[in-house]
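> No sequence on hand, only this structure:
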């Protein structure tokens, strides 16, 4: 059980400090994942950015995902779930257009304060506050893989075991703190799982630093990589913001 998203992110960061990361970039899935991602980026001295994907809702159970769509329009359909619910092509096209419109709205809102970070050649950590069906994560990974990262690591506090196995097919490695067999919803593993609003995401993105990309090179002119056991350097703005939302 985690106290809140920040607590979960700090525990994740403790695991990720064991990795050697090259010019690390944390890509968070809005909205709750951005709170998790901000702490990860702060603790790992990484740059923070977002990756947008939205679930495709079941026609009969809107809270349930039959798949997801990424910001570039790629669709991932969970084969097991979509076969069970069997959405018609007309419904799927309507749902696709609806979710793309919401992605466009969020993209305009969030990119105003934080332009898209370069991905090619970097260690990319894709995070959310948890994985349920895995659809939005896979849709996000589909986009990230096309942009030439050095490696892609999925880091989440909690996910069901069968979904983790599917996620592993789309990335280089997975870091997950809890993987219980009995899984009903992400929120059951948090004492505080309050809803995160767009304005909070904007505030986080505005205050976040750019991590090691702003750090000086070493004596040989090489870009710094996070080595095992390194102490994180944190931006003043991000520390101030995190202190505020914890209070």
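Good, I have the coordinates. As the structure is a computational prediction, the values presented were derived from the model and not from experiment. Numbering: from 1, shown residues only.
> residue contacts, residue 160?
Contacts were defined as Cβ atoms under 8 Å, 6 or more residues apart in numbering; by that measure residue 160 touches 131-132, 179-181, 183. (Glycine included, C-beta is placed from N, CA and C.)
> please redo it, this time with the cut-off set to 7 Å
Neighbouring residues of residue 160 by Cβ atoms under 7 Å, 6 or more residues apart in numbering: 179, 183.
> The lengthiest strand in the chain - which strands sit beside it in the sheet, and in what orientation?
Among the elements of type strand in the chain, defined by DSSP state E, the one spanning the most residues is strand 151-158. Strand 151-158 has the following strand partners under DSSP bridges: strand 123-127 (parallel), strand 173-178 (parallel).
> so how far is it off the chain centroid?
8 Å (Cα atoms, centre = their mean, to the nearest Å).
> now stretch 203-210
Offset of stretch 203-210 from its chain centre (Cα atoms, centre = their mean): 15 Å.
> still on that earlier bit, most neighbours per residue, which of the strands paired with strand 151-158?
Among the strands paired with strand 151-158, the stretch with the highest mean neighbour count (mean count of other Cβ atoms under 10 Å) is strand 123-127, at a mean of 28.
> Please work out the angle formed by the directions of the helix or strand following it and strand 151-158.
Stepping forward along the backbone from strand 123-127, the first helix or strand reached (DSSP states H and E) is helix 135-145. Relative orientation of helix 135-145 and strand 151-158, computed by axes from the mean of the first three to the mean of the last three Cα atoms, to 10 degrees: 160 degrees.
> just to revisit the earlier point, contacts for the longest strand of the chain next, please.
Contacts of strand 151-158 with the rest of the structure, by Cβ under 7 Å, 6+ apart, involve 2, 8, 12, 16, 40, 123-131, 137, 141, 144-145, 167, 171-178, 186, 189.
> Stretch 166-184 too?
Contacts with stretch 166-184, where a contact means Cβ under 7 Å, 6+ apart, come from 11-12, 15-16, 131, 134, 137-138, 141, 151-161, 164, 189.
> Many thanks, we can stop here.
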